[in-house]
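Undergrad: Have a look; sequence and predicted model below, questions after that.
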Amino acid sequence: MSRGRVYYGLGVFFGLLLLSWVFFLLSFLRRARFFHPSGVVYTARAYPAPGLASAMGVEVAERLSGCALVRFSGGIFKQHDKTDSLGLGVRFHGQPGPCSTNERGGQDLFLVSFHSFGAIAHDIKATNPNDYLANTYWAITPYEVKGFGRVSLRITASGAGAPGSVRDERLEDAVRAGAASLRLEMAPWGTNDYQPLTDVRLDSRVELEDELRLTPHAAGRGLRPIGFLQGLRVFPYAASHLARRLRQGAPGKALRPDTRLTLPDPGASHRTNVNVSPAFSSRNEARERVVG
């Protein structure tokens, strides 16, 4: 077992022992998640980014391909006009569909609009709280990928959303216009050498804010969380979810085994036309890195 997995186990233990009851109490009093209290959920389609540089990268991207769910949220505040970090949670089902909100074998990722705890104050000031698509999101904690080792993850959005003042409406208008997309990028841990991995196209909004339970423990598509901080949040997140269900008075409502969503197939043409090349191709957008 790697050192990162050992630290992950220690984090799980201390999260259960020290933080679970804190998150349960605060979430119960707030009637919402303590962190990322309110948000919107969209169905999405994931497929390998064009120009992947290695066969191993293609393999990882293929495992993530298929239907997905994406949740956008504020970091601390429910209000949209507060200076705040933003959160982005993604569940990759890795299959065309139908997909269940609680189906095993998925890959859950948690990202925020600051790239490290040391830069949190600066990055929060730089975050645009009124537009989900005008920010970059980082995982801030490491993952382990077979063939790559420890990696950093980030998601770059397609750019500013549609005109408007309310971020939920701007996102919805961008989705309807077919202009809302995300790109998952990966870099060796401790570097900024991010390279495209998976493109995610948002399809439609779904009312799954209460039912969707993203968990740090879900690593069924090959991105394994490692490190103390990754493990630390496993049980606090579960406690927060339980508190919300109890406070809402419907402890058996969410995550029924038969809750299923029929999400569209991203299409075999996207997945089979991926070319392996010595360099990553880039889109002609101002926020994309050009790797020659």
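TA: Received, thanks.

Undergrad: Against Q195, how distant is the closest residue to R71 other than its chain neighbours?
TA: Computed as Cβ to Cβ, 6 or more residues apart in numbering, the closest residue to R71 that is not its neighbour in sequence is G89, at 4.2 Å. For the C-beta atoms, the positions are set from N, CA and C on the backbone; glycine is no exception. For G89, the distance to Q195 equals 22 Å [Cβ to Cβ, to the nearest Å].

Undergrad: Low-confidence bits of the stretch 1-150 of the chain, can you list those?
TA: Within the stretch 1-150 of the chain, the ranges that satisfy pLDDT under 70 run 1, 34-37, 75-82, 97-103.

Undergrad: can you give me the helices for this structure?
TA: Using DSSP state H, the helices found in the chain span residues 3-14, 20-30, 55-64, 120-126, 167-176, 228-232, 234-247, 268-272.

Undergrad: Can you check which of those gets nearest to V200?
TA: helix 55-64 (8.8 Å; Cβ to Cβ).

Undergrad: which secondary structure elements does that closest one contact?
TA: In this structure, helix 55-64 makes packing contacts with strand 39-48, strand 181-188, strand 195-206, judged by 3 or more Cβ pairs under 8 Å, 6 or more residues apart in numbering; DSSP states H and E.

Undergrad: Let me have the ones you listed in JSON lines, adding mean neighbour count and distance to A55 as columns.
TA: Supplementary listing: these in JSON lines, determined by neighbours: other Cβ atoms under 10 Å; distance: least, Cβ to Cβ, whole Å:
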{"stretch": "strand 39-48", "mean neighbour count": "23", "distance to A55": "12"}
{"stretch": "strand 181-188", "mean neighbour count": "21", "distance to A55": "15"}
{"stretch": "strand 195-206", "mean neighbour count": "21", "distance to A55": "13"}
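
Undergrad: Including distance to L229, could those strands go into JSON lines?
TA: As requested, these are arranged in JSON lines below (distance: least, Cβ to Cβ, whole Å):
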{"stretch": "strand 39-48", "distance to L229": "22"}
{"stretch": "strand 181-188", "distance to L229": "18"}
{"stretch": "strand 195-206", "distance to L229": "22"}
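
Undergrad: Show me what S73 is bridged to.
TA: Here S73 shows beta-bridge partners G39, G87, assigned using DSSP bridges.

Undergrad: What degree of burial does it show, as a neighbour count?
TA: Applying other Cβ atoms under 10 Å, we find 23 other residues in the vicinity of S73.
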